[in-house]
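Novice: Need a 3D model of the following:
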Amino acid sequence: MGALLLLGAPVALAQGGGATVDTQSFHPKERWVSQAVPDPRAELLIKVNVVRIYSAARAPDAIAPPRWISTQLEVANRLFRLPEDQMRSYGPSRLAPVIQMQLNRIIDVPEDTATRLLGIKVDTENVLAGDARSLNGETLANTWDLRSLKVTGETHIMTIYCVWDAKASSGPTSVFSFGGESNVGFTEKMTQGSKEVLTVVTGVRARMGVVVTRQETAWMNAFAHELGHYFGLHHAWERSPNQKMGISDLGSGPQGQVDDRKEFANVMDYDNGDGVRQYFTRQQLQKMYEFARDRASTQIQVERRRPGQAKPAPAPATPSPAQSAGKVEVLRVESPAPGGPVTLRVKYEIKGMLSQQGLVVAWFNDAQGQKLMDADGTYRTTAGHIAVGHVFKPKNRAAAETSRVLELPPGQLHLGPGKHNLSVDVSLIEAGREVAQAQRVSFEYSVPLPQAKETRDETPRAWIKKAVVTPKEIVSQTPYVSISTELILDHLKGAEVVLELRFAFSNGRALKDFDQAFASSDGLVMFSSKIVPLYPRTQMKNLRLRIPHSQLHLAKGIRASLIASLTLKHRGQTLASDLTPEFVLDTGAAAKTPLRAAANRIAPKAAIEQVALKVRTGGDGQGGVIVGGRLRVAGYRGKKLQWLVYVTDYQNRPVQGVDAPFRSKDGQLGSAITLSPRYDSALFPEAKVFIPFGQLRLPPGRHRLLFHSVLASGGRRVTLPSPPAELNLQLGAGKTP
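Specialist: Below is the predicted model:
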């Protein structure tokens, strides 16, 4: 998994015309290149698609400007090749065993289209990393989900997905930003889904590509770092995996294999011992080359150049998805029999797509136009909605009109007895975008009441009659949500039946549990009750279920629109389910906040952007080290922040101080200053902390010291420690340089 990428001083690489490409800094923009040029001496060439997933708040060029993309690829190409003094020995007759990348094309996908395709909310500023799927109770798309989006017709092209920010969930309130995400090598895991798979996936076993964020702290080697993972590399500080791979040229340092001093860096670079920061070693480059040559080439397009080849063979022409167009229409919805299947006939036409996968999908809505929620996982999107679809592949590029019958089986609407006014939405999807949408069609659906008479069929059955919600019922001075309902159970005498009550926001987002008091196995809020019927046919009237307001884990001071779902299960199988009408829950008064402050409230953020050391000489306690920093904070107006600086030796052992206030409780040398931001967003460009030489409890001799710093608020750290700044000191008998 990637992280905020590199530490250390920037490394400038030569670029044609005398310009330079900075491999680590996000700025300056004037050094961004217009085109990435692969080295013609490289043996392997890989074409890359870049998918920019954007929102209404940030246009594609804000997420990833074309020149930023080109510069990222140029930096990757230069880091993926051997040093120039070694590359000079290669040429047209002897190709170098390295990888180079070339931009194929850029594809832009709106986040709402990605949401529709995945069935999961896509928020380009809150994409979750790895297996995380929840952020403070909100289900969001993760990096694995994004990598399952396919560029139609180009399933074997390496793809880099660009979003604004990716986060890793770390408990209900703590979130850390990541620079990117990649699998180490390839996964053999197939995409999981319902019987009607609505996720557009690649045609191969591996999910092609990596996810990279653009946020203002993103380094210019983000592509290189994540692609390093993609071609099999581990972080340099991961000792055991590197040893198993036979990578031993990572240098030495306090962490054993990598001179990064702190494992939070999560980088693949190393220090060769003379203070010059490197990136990929010779053995790392060799492993990536072998991986791309032997394994990746079976899953993505890897062009292997031959000695004497003048130029790469042109890629086969692929029609752009933007050239295709289509339309879709709901011809009719067959009058459904009471409790029977829902059958609709659709007609669709698409032009400009040949042998590429398309999708026609139908969603079902209630009388208010809200999507119906699934209860048993049979015809469910990953967002929990009921849907049915059909995958197709046109046989020619000409417009071809096709009609298709879509059918949802009986019971899959999960509605209670009575008449229901419903509607259906149908969309035509191709190449990760919605090509056309049909006009909404309304229809009526009836669910018959259960028959009271005994039948020979003794299959267990159950019904949930319409539930009534009391949003606030006071019991022993404690507010509860109370739900009354009626159950009918057939052929379940003596059997154990489980009634589950779950809660969600009106848009379908499930409430997340945080204390396990009322929790499901997947970490959501759930009230569960076991029922053992005493008769062949049991009718339970006025059954009342209650759950405390506090166990819904809602923030104070909001009015939340909620729905509740009731599900009856027997031996793990769903017998019946029902949804309550939408209800409003007032969580009580929040802490009073001035209107202006409430209007301008932003999420707290803090960053240490730069740290530099300056030695000041002088006697009588005037000599010492000035630690200067550039600090940027947001969301801390009116609060106190502390910038803490502490000192260790080169092996990360604390250096002892002499007197307060330059000595912590455990004796470590350090100092601090207090910051008081007066604005929502504040920059402290020249923060300074002074540590006198007289406070160093060290013996005479030469010492390599590391100065670490961190920002804290209320006694809690709000940033990771900064990359340590190094200082070499020669102490005499008087302990003064």
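
Novice: The residue nearest the centre of the chain and K121: what is the separation?
Specialist: Centroid check for the chain by Cα atoms, centre = their mean gives L128 as the closest residue, at 2.3 Å. The gap separating L128 from K121 is 11 Å, by Cβ to Cβ, to the nearest Å. (Each C-beta comes from the backbone N, C-alpha and C, glycine too.)

Novice: Mutual contacts of the two, please.
Specialist: By the contact definition Cβ atoms under 8 Å, 6 or more residues apart in numbering, L128 and K121 are jointly contacted by 140-141.

Novice: ok, what's across the strand from the residue nearest to the centre of the chain?
Specialist: With DSSP bridges applied, L128 shows beta-bridge pairing to N142, K167.

Novice: doesn't T139 make contact with it?
Specialist: No - in this structure, L128 is not within contact of T139 by Cβ atoms under 8 Å, at 9.4 Å.

Novice: got the end-to-end distance for stretch 128-140?
Specialist: Using Cα to Cα, to the nearest Å, the end-to-end distance of stretch 128-140 comes out at 7 Å.

Novice: Report the mean per-residue pLDDT for that stretch.
Specialist: In this model, stretch 128-140 has a mean pLDDT of 69.

Novice: One more: stretch 410-430?
Specialist: Averaging pLDDT along stretch 410-430 gives 87.

Novice: can you check stretch 159-169 too?
Specialist: 78.

Novice: just stretch 306-323 next, same as before
Specialist: What stretch 306-323 shows for mean pLDDT is 49.

Novice: now stretch 35-42
Specialist: Stretch 35-42 shows a mean pLDDT of 89.

Novice: buried sites along that stretch?
Specialist: By neighbour count on 16 or more other Cβ atoms under 10 Å, the buried set for stretch 35-42 is 36, 38-42.

Novice: farthest pair in the residues you listed?
Specialist: Taking Cβ to Cβ, the two most distant members of those are A36 and R41; they sit 15.5 Å apart.

Novice: In the protein, mark out all the helices, start to finish.
Specialist: Applying DSSP state H to the chain gives helices spanning 60-63, 66-79, 84-87, 111-118, 143-146, 222-230, 239-245, 282-294, 595-599.

Novice: Roughly how far does the closest residue in space to S403 that isn't next to it in sequence sit from I488?
Specialist: The spatially closest residue to S403, leaving aside those adjacent along the chain, is K347, at 4.7 Å (Cβ to Cβ, 6 or more residues apart in numbering). From K347 over to I488 the distance is 41 Å, taken as Cβ to Cβ.

Novice: Of those two, which one has the most company?
Specialist: Using other Cβ atoms under 10 Å as the criterion, K347 and I488 rank with I488 on top: 20 against 16.

Novice: Pretty sure that one sits against K541.
Specialist: No - judged on Cβ under 8 Å, I488 makes no contact with K541 at a distance of 9.7 Å.

Novice: picking that back up, quick check: the residue nearest to S403 vs G358, distance?
Specialist: Between K347 and G358 the distance is 14 Å, computed by Cβ to Cβ.

Novice: Is R304 in contact with D294, as I believe?
Specialist: No - taking Cβ under 8 Å as the definition, R304 is not a contact partner of D294, at 10.9 Å.
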